Structure formats: C-alpha cells, structure tokens
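> only geometry, no sequence info:
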Ligand code: GLU
C-alpha cells in the first residue's frame, strides 16, 4: 500500500505497433483510508479518488479507497506507512500531532494536514423504549461507543468523562462497527449508539427507519468539554433529514467538529499538490458527489488544520492566493 512508482518496461511493443514513440509515464498508486461503508468518509474518499483518477493521463496518479475503523486507525496507518492519505476528525488530528489523548506521549510527528472536509456531529442515537433522553440516562444500558479505531469512541469517552460516567462500569460499552449498529439497535441488542458523522448519511437513516422507534438525543450538559478542548464546538443536527426519528424539534443540539484530509510528511509534494489542486478547482463537481459535502467552500477547507500543512498543499494554496506568502 506504500506509494509504488512503477516504471513500465514492457510497453515498447505496443508503442512500436502504434508507430509512435512516447515516454511511458510513471504511475503512482495511493491509498486513502476512510471509515465504515455507511458513513460519510467512505463516499468522500471515493469522491477524492474520482476527481484525481479522472486526470490520470496528466498526473499518473491512481487513487483507491479503503474502508477502515476511521480517524484513529487512519492516522496510525499513515504513521506506519500503510496508508498514504486518510480522513480524520479535526480533534484527532490535533491530539495525534500534539501527542495527547490516545497519542499521549507518542506524537505522530509525520502527520500533515491537506484540507478540511464537511462538519461532523456527535450523533447519539437511542431507542425510544430505552428511556434515554440525555447522556446521563445511559446508566445500566448497553451502548455502542464505536470501533476502537474510530474518532467517535474518543468523543464519547470525552463526553462521559465530563458527565462523570465510566464506560464499562456505569453502563455496558460495545465496540461494534458503525455499519452494524443500526441493525443491532433495531434487533434490541443495544439500547443506543454514538456515531460522529456528517449529515445526512445512510447509517442514521437506516437506524431511524426501522420498526423500533428511535430518537436522536441532544448532548447539552457538556460545557466543560468546550473549555477543555477548543476543537469541539456546539452544533445542530437538522432533523428534516431523518423524518422517521421521534424527535419533536427540527434541530438537535450536540458536539461538532470538522472532518479533515490528512497525509504523511513522506508523501511526495507533487502528489499532494495534484490532489489538492484538482479537488479545489473542481469543487462544484466534488460537492455533488455526496450531500454532506454541500456546504464546502475553499475558505472552510482551510479551517481545522492543526498539523502543519503538507508542502504540496501549501504550494497550491499560495499559488491560488488562499494563503499569503
Ligand atoms: N468520524 C468518524 C470517526 O472517525 C467516521 C465518520 C465516517 O466514516 O463518516 O470515527
């Protein structure tokens, strides 16, 4: 999965047949780590790959997408060289680069920011019959905090720390993948789940559309969280996207942050430059590839970047006048 540069050697015959001589271009293969297949990272990674692969003749870049455990997994896989790019929550980017939280004492020094993506919201989904109407109501219940490689598990842990509940002690803590959570909620095997994700998305649609009635629970008792962590902000989930949920209000308050596109300092400058330029210059087309990307602007895509911006991305931002010299 490392970047492989293949210098084709066996093209001479076909070139001779064509009666022309051309230098065979180098091919660079890159892999983008995303998240679960029902989230927003997976189609977003697909959209980035689509945009750059359309210019394969120009750049020789071939991008592919991998479904992963999400933010934390992607950052660690970039660090080990198993992934070239990944999508990660802005909060996990901050924690990893600065050696905090799950990366306490082990900063991911190679981590580089490329651009920000859609906003995400900590989405707390609970069965109506569980009686859960706030995070404090989870006592004695079975709650999925998410995949060990996810950013949403980090967020859920932060939230429970602030409200003074201990996962695994005060309530049963599940570690299942987001793609499986809606079915497990519908089957009565869990009472609630956390998913930090952009909206709208198929996962929450699936969770709210079944026979068991489901609500999106507001997360409001967490003032201390915003004081502890500047990368979190107050946000709202528009409920018109999930008409089958039992919520009476059209918006649900919760904790938000941005999703970001990250890479390694080892990724070549020309590759990062090409991807940054093509996504930025084809933003209208890119935004059409998933409804959660709708609100993106060139300016919003430069927020939430706490790791140093990769030199390839920086070259484009300076050229385009988005960042001053
Ligand atoms: N924000 C989630 C995480 O890193 C992933 C969301 C998604 O896949 O769309 O845990």
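Alright, I've got the coordinates. Keep in mind that what you see is a predicted model, and the values were worked out from it rather than measured. Residues are numbered from 1 along each chain as shown.

> Skipping its backbone neighbours, what lies nearest the residue of the stretch 151-300 of the chain found nearest the ligand in space?
In the stretch 151-300 of the chain, the residue that lies nearest the ligand is residue 151 (3.1 Å; CB to the nearest ligand atom). C-betas here are computed from N, CA, C, even on glycine. Here the nearest residue to residue 151 in space, its sequence neighbours aside, is residue 71; by CB to CB, 6 or more residues apart in numbering that works out to 3.2 Å.

> surely the one you found meets residue 95?
No - the criterion here is CB atoms under 8 Å, and residue 71 misses it with residue 95 at 9.6 Å.

> overlap in contacts of these two?
residue 154 (CB atoms under 8 Å, 6 or more residues apart in numbering).

> Pick out whichever of these two has more residues nearby.
Taking neighbours as other CB atoms under 10 Å, residue 71 and residue 95 compare with residue 71 leading, 35 against 26.

> Now the more buried one. Its backbone dihedrals?
phi -40, psi -60 (degrees, to the nearest 10).

> Can you give me the separation between it and the ligand?
Noted for residue 71: a distance of 3 Å to the ligand, by CB to the nearest ligand atom, to the nearest Å.

> what kind of secondary structure is the closest residue to residue 167 other than its chain neighbours in?
Leaving out its chain neighbours, the residue that sits closest to residue 167 by CB to CB, 6+ apart is residue 173, at 4.0 Å. Assigned by DSSP: H, G, I helix; E, B strand; the rest coil, the conformation of residue 173 is strand.

> Would you mind confirming that residue 173 makes contact with residue 141?
No - counting by CB under 8 Å, residue 173 does not reach residue 141; the two are 10.2 Å apart.

> count of residues packed around residue 141?
Applying other CB under 10 Å, I find that residue 141 has 17 neighbouring residues.

> Kindly state the pLDDT recorded for the residue nearest to it when sequence neighbours are not counted?
Of all residues not flanking residue 141 in the chain, residue 191 sits nearest, at 4.1 Å (CB to CB, 6+ apart). As predicted, residue 191 sits at a pLDDT of 98.

> how far does the strand or helix carrying residue 126 sit from the chain's center?
Element membership of residue 126, judged by DSSP states H and E, is strand 111-127. Remark: strand 111-127 is offset 6 Å from the chain centroid, using CA atoms, centre = their mean, to the nearest Å.

> Which stretches in this protein count as helices?
Using DSSP state H, the helices of the chain run over 12-18, 41-53, 56-59, 71-80, 90-98, 151-163, 181-186, 202-208, 223-228, 269-281, 283-287, 311-319.

> Could you list every helix and strand in contact with the fourth one?
Using 3 or more CB pairs under 8 Å, 6 or more residues apart in numbering; DSSP states H and E, the elements in contact with helix 71-80 are strand 27-33, strand 85-89, helix 90-98, strand 111-127, helix 151-163, strand 251-264.

> and it, average pLDDT?
Averaging pLDDT along helix 71-80 yields 98.

> between it and strand 85-89, how big is the angle?
Helix 71-80 and strand 85-89 are oriented at 140 degrees to each other (axes from the mean of the first three to the mean of the last three CA atoms, to 10 degrees).

> start the count at 51, not 1, going forward
In the new numbering, first residue 51, that becomes helix 121-130.

> Off-centre distance for helix 121-130?
12 Å.

> which other residues reach it?
Helix 121-130 is contacted from outside by 83-85, 118, 133-139, 142-143, 146, 152, 158, 160-161, 197-201, 203-204, 312-314, using CB under 8 Å, 6+ apart.

> cool, and the last one?
Helix 361-369 has contacts (CB under 8 Å, 6+ apart) with 162-165, 317-327, 330, 352, 359, 372-375.

> Roughly how far does residue 185 sit from the ligand?
With the distance defined as CB to the nearest ligand atom, residue 185 ends up 18 Å from the ligand.

> for this protein, what are the low-confidence residue spans?
By pLDDT under 70, the low-scoring segments of the chain are 51-75.

> and it, which residues reach the ligand?
85-86, 89-91, 120-121, 139, 170, 200-202, 246-248 (CB under 6 Å from any ligand atom).
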